[in-house]
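*Asks:* predicted structure and sequence below. I'll ask about it afterward.
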Amino acid sequence: MATEYPSLAKQFLDAVDNYANPRMQMYRAADGWKWYAAADVLRRVASLARALSELGIKEGDRVAIFAPNSPEWHVADFAILGLGATSVPIYFNESADRLTYILNDSGARIVVAVGESQARTLWASRDRLQAVEQVICANAPAELESEVLRYETLVATSLDSDLTDYRRRAAEVSGEQLATIIYTSGTTGEPKGVMLSHANLASNVVDGFEGYALTTADLGLSFLPLAHVYERVIDLGYILRGISVAYVDKIENVPQALLEVKPTFVAAVPRFYEKIFANIIERGHRETGAKRAIFDWAIRVAEKSVPWKAYGKDAPFPLRLQWSLANKLVYPKIREGLGGRIRVFSSGGGPLAPELAAFYWSIDVPVYQGYGLTETSPIVSANLPGKNKVGTVGRPIKNVEIRIAEDGEILVKGPNVMQGYYQKPEETRKIFTVDGWLCTGDIGRVDEDGYLLITDRKKELLKTAAGKFVAPAPIENLLKTSTCITNAIVVGDRRKFVAALIVPNFVTIEAEARKAGRECPAAAHLINDPFMREVISREMERLTAGLAQYERPKRFALLDQDFTYAGGELTYTMKVKRRVIEQRYQDVIARLYADVEEPRPQTRA
C-alpha cells in the first residue's frame, strides 16, 4: 500500500510546476507581510540541497532542523528530502539537554538552525554533540557568524544545474524511504524517535484532506510547532495543493496574524480554542450597560442554539429569529476577531470539550475535531464538512482502519502507520499486536454511525481505592468550559475519591467580585479568598452534576498560576505532563486527602 504514494519531494516539484503559486510562503517582516513565489522557493531548496550534498550529505543521512515556523523550515525540509536524506525536526525552543539527546540519538550530521537563540543554544551545547559536523544558520547572531555556515549565502546563488540536479535526485527517492525521525514529546518517559517514511506522510496529505474541498484561493496559517507532525502534515497539505501558507513564529503573534492575513484554514490544539473562548467572554464582560446586556443575551442565545447549530436538531422560529438578530449584533465581531474568513478550524493534539466545540458551531465558527498520534503520521480519523459529529473525532480517513480491543484500546492499521522507533526494536515490538495493528494507548469506541469517540489515555485512567476507573480528560474539559476556570487537572489514582487542581480565571472572578460589591485582593492572595472558593465550588457542582458520583471531584485546590511549557508542565503542543504536575504539587494534593488517608511517601519532582 505504501508504494501507492509518491515521495514528498516528487509531490513538491509537482506542486511548483502545476500551481506556480505566486505566494507559496508568506512571512511577517518589520514592514509588513512578504512572500516567496513557488519558483523562488524551489530555487532556494535546490541551492540548499546542493550545499548539503557538497558537505557530504547522502541518502539515509540525518539532518536536523532547529527553527521556528518560517519559510526556511520548509526549504530545509524539502532540500533534505530531495537528497533521500532524513530530516530530524527539533522544537524551536527546546532545552539544551533534550536538544543534545535528540541530536546524539539520531546521529544528525548537520543542523539547519534559524534564529539567534537557536544558534546560541546549539553553540553552548557543541562539546556534548557527538555526530554534528556543521551548523547552517539563518539570522545568526554576529558573534557566531564566523562559526557557522550562513544560510543566506548558501541560497543566494542558484544555478540552473542546481534545479536539474535536484529534480534528478528527487525522482530517485521512493515513497518507502525514511523521510523523518520525529521525537515524541516525552510525557511518559524518554523521548522515542518515530520513523516515518515519505509514503506515511504522503498518505496523510492525500487521504487526510479529502472532503475539505480546498482550492488555491484558500490561505493557511502555520503556528503550531513544525517539529510536531500535526502542523507539518497540515502545512504539506497547503503547499502540495498550491495553497499559500503564512508562518507565525510565536504563538503570541497569532491574534494579530489572524486579523492581517485573514486565513481560511487553521489547525490548532484544544488549548488554543479554550483561550479564544476565554478571551471572547472576558472582552464581553468588560462592556457595561446596554452593550454588556446585549453580549450576555447573545451568549445565552448561542447556548440555546447548540442543539440546532451544532447537532442539527430542529429549532423553533422564535429562536431562529433571536439567533438572526444576535448574528447581526454580536457574532460577526467575534468572527472578525478571527480574521473573518475562517471556514475550517481543525482541532487535534488532544481532546476538545464537546461543549466548547458546540459553542463555536453555535456562532457559525466551524471547528472540526480529528484524532491521531505521531506514530500514525498523524491523522487516523477526522470530522469533515458535511460529515461532522460534535463530540466525536470523526470517521477513519480513507485507507485507514481502526479496531477496538477487548479492553477498549484503539488499534490502527494503514499506510500512515510508522516504520518503528529509531534504534528501539523492543519498544517497536511492544506497540504492535502480533497481527500487525498499532496499539495507540487511547481508549475509545465507535458509535452507531461509525464515528470514533475517545475516552482517555489508557495510562492516564485513574483507579480509585474502590476500584472505579475514572477518565480525567473529559472531566477536565468540562471544568474548563467555565469562564471562571482557566485550567484543571483531576487527581485521585488509588485514593478514596477524585479531586481537582484548579487554575482560576482571575480576570473573570475579579469582575464578578466587583459586581457583587466585594474588594478584590491581588491574584496571588485571591486563591485564599472565600468568594473565590465559593465561585469555583458553585461552578464545579454545576458542571459535574451529570457525572457519576465517583467521577465528581469531591475537593479542589486552587493554584495561583497556570501550567506552562517553560515551567516543564506542558509539552510544546500544550498537553499537560501529569506526572510532572502531580510531583510538583504533591504537597497540595496530599492536603486534599490529609484527613481521610495515611500520609504517602514523597517523591522528588
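*Replies:* Yes, it's here.
*Asks:* please name the nearest non-neighbouring residue to Glu539.
*Replies:* Ranked by C-beta to C-beta, 6 or more residues apart in numbering and with sequence neighbours excluded, the top spatial neighbour of Glu539 is Ser482, at 4.5 Å. C-beta coordinates here come from the backbone N, C-alpha and C atoms, glycine included.
*Asks:* does the one you found touch Thr544 like I think?
*Replies:* No. Applying C-beta atoms under 8 Å, one finds Ser482 not in contact with Thr544, separated by 10.6 Å.
*Asks:* which one of those two has more residues nearby?
*Replies:* Ser482 (23 against 17; other C-beta atoms under 10 Å).
*Asks:* in contact with the more buried one, which residues?
*Replies:* The contact partners of Ser482, by C-beta atoms under 8 Å, 6 or more residues apart in numbering, come to 505, 539, 543.
*Asks:* my guess is the second one meets Cys484, correct?
*Replies:* Spelled out, that is Glu539. Yes. With contact defined as C-beta under 8 Å, Glu539 and Cys484 form a contacting pair (5.2 Å).
*Asks:* neighbour count winner among the two?
*Replies:* Cys484 (22 against 19).
*Asks:* ok, the more buried one - contacts?
*Replies:* 504-505, 508-509, 512, 535-536, 539.
*Asks:* hmm, 7 Å instead?
*Replies:* When contacts are counted by C-beta atoms under 7 Å, 6 or more residues apart in numbering, Cys484 touches 504-505, 508-509, 535-536, 539.
*Asks:* specify which member of those is nearest to Thr180.
*Replies:* Closest approach between the contacts of Cys484 and Thr180, by C-beta to C-beta: Asn505, at 38.7 Å.
*Asks:* what's the local residue count around the closest one?
*Replies:* Asn505: 23 neighbours (other C-beta under 10 Å).
*Asks:* what pLDDT does it get?
*Replies:* In the predicted model, Asn505 carries a pLDDT score of 91.
*Asks:* quick check: Arg445 touching Ile404?
*Replies:* Yes. Look at Arg445 against Ile404 with C-beta atoms under 7 Å: they come within range, at 6.1 Å.
*Asks:* and the gap between the residue nearest to Tyr422 when sequence neighbours are not counted and Ser222?
*Replies:* Distances taken as C-beta to C-beta, 6+ apart place Gly193 nearest to Tyr422, at 3.3 Å, with adjacent residues excluded. Remark: distance between Gly193 and Ser222 (C-beta to C-beta, to the nearest Å) = 23 Å.
*Asks:* who's more crowded, the two?
*Replies:* When Gly193 and Ser222 are compared for neighbours, Ser222 comes out ahead with 28 against 22, by other C-beta under 10 Å.
*Asks:* wait, doesn't that one sit right on Leu236?
*Replies:* No. Applying C-beta under 7 Å as the test, Ser222 and Leu236 come out as separate, 10.6 Å apart.
*Asks:* helices or strands up against the helix or strand encompassing Val233?
*Replies:* Applying DSSP states H and E as the criterion places Val233 in helix 229-239. On a contact count with 3 or more C-beta pairs under 7 Å, 6 or more residues apart in numbering; DSSP states H and E, helix 229-239 meets helix 8-19, helix 198-207, strand 219-222, strand 244-247, strand 265-268.
*Asks:* will you turn the ones you listed into TSV that also has mean pLDDT and distance to Glu476?
*Replies:* Shown next, in TSV, are those (pLDDT from 0 to 100; distance: least, C-beta to C-beta, whole Å):
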stretch	mean pLDDT	distance to Glu476
helix 8-19	97	36
helix 198-207	97	28
strand 219-222	98	27
strand 244-247	98	31
strand 265-268	97	18
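*Asks:* where does Asn104 land in three-state SS?
*Replies:* helix (DSSP: H, G, I helix; E, B strand; the rest coil).
*Asks:* which one is it nearest to, not counting chain neighbours?
*Replies:* Gln130 (4.9 Å).
*Asks:* nearest spatial neighbour of Ala511, skipping sequence neighbours?
*Replies:* His285 (5.3 Å).
*Asks:* that neighbour and Lys575, how far apart?
*Replies:* In terms of C-beta to C-beta, His285 sits 29 Å off from Lys575.
*Asks:* now do Ala79
*Replies:* Counting by C-beta to C-beta - Ala79 and Lys575 are separated by 31 Å.
*Asks:* list the buried residues for the top helix by length along the chain?
*Replies:* The longest helix of the chain (DSSP state H) is helix 289-309. Judged by neighbour count using 16 or more other C-beta atoms under 10 Å, the buried positions of helix 289-309 are 294-295, 298-299, 301-302, 304-306, 308-309.
*Asks:* ok, the residues you listed vs Val173, which is closest?
*Replies:* Lys309 (46.2 Å).
*Asks:* right, and Ala38 touches Val16 too?
*Replies:* Yes. If you go by C-beta under 7 Å, Ala38 and Val16 touch, sitting 4.6 Å apart.
*Asks:* any weak-confidence spans in the protein?
*Replies:* The chain contains residues with pLDDT under 70 at 1-3, 185-189, 519-526, 598-605.
*Asks:* domain map for it?
*Replies:* Domain assignment for the chain, taken from automatic domain parsing, gives 2-203, 270-340+342-458, 461-592.
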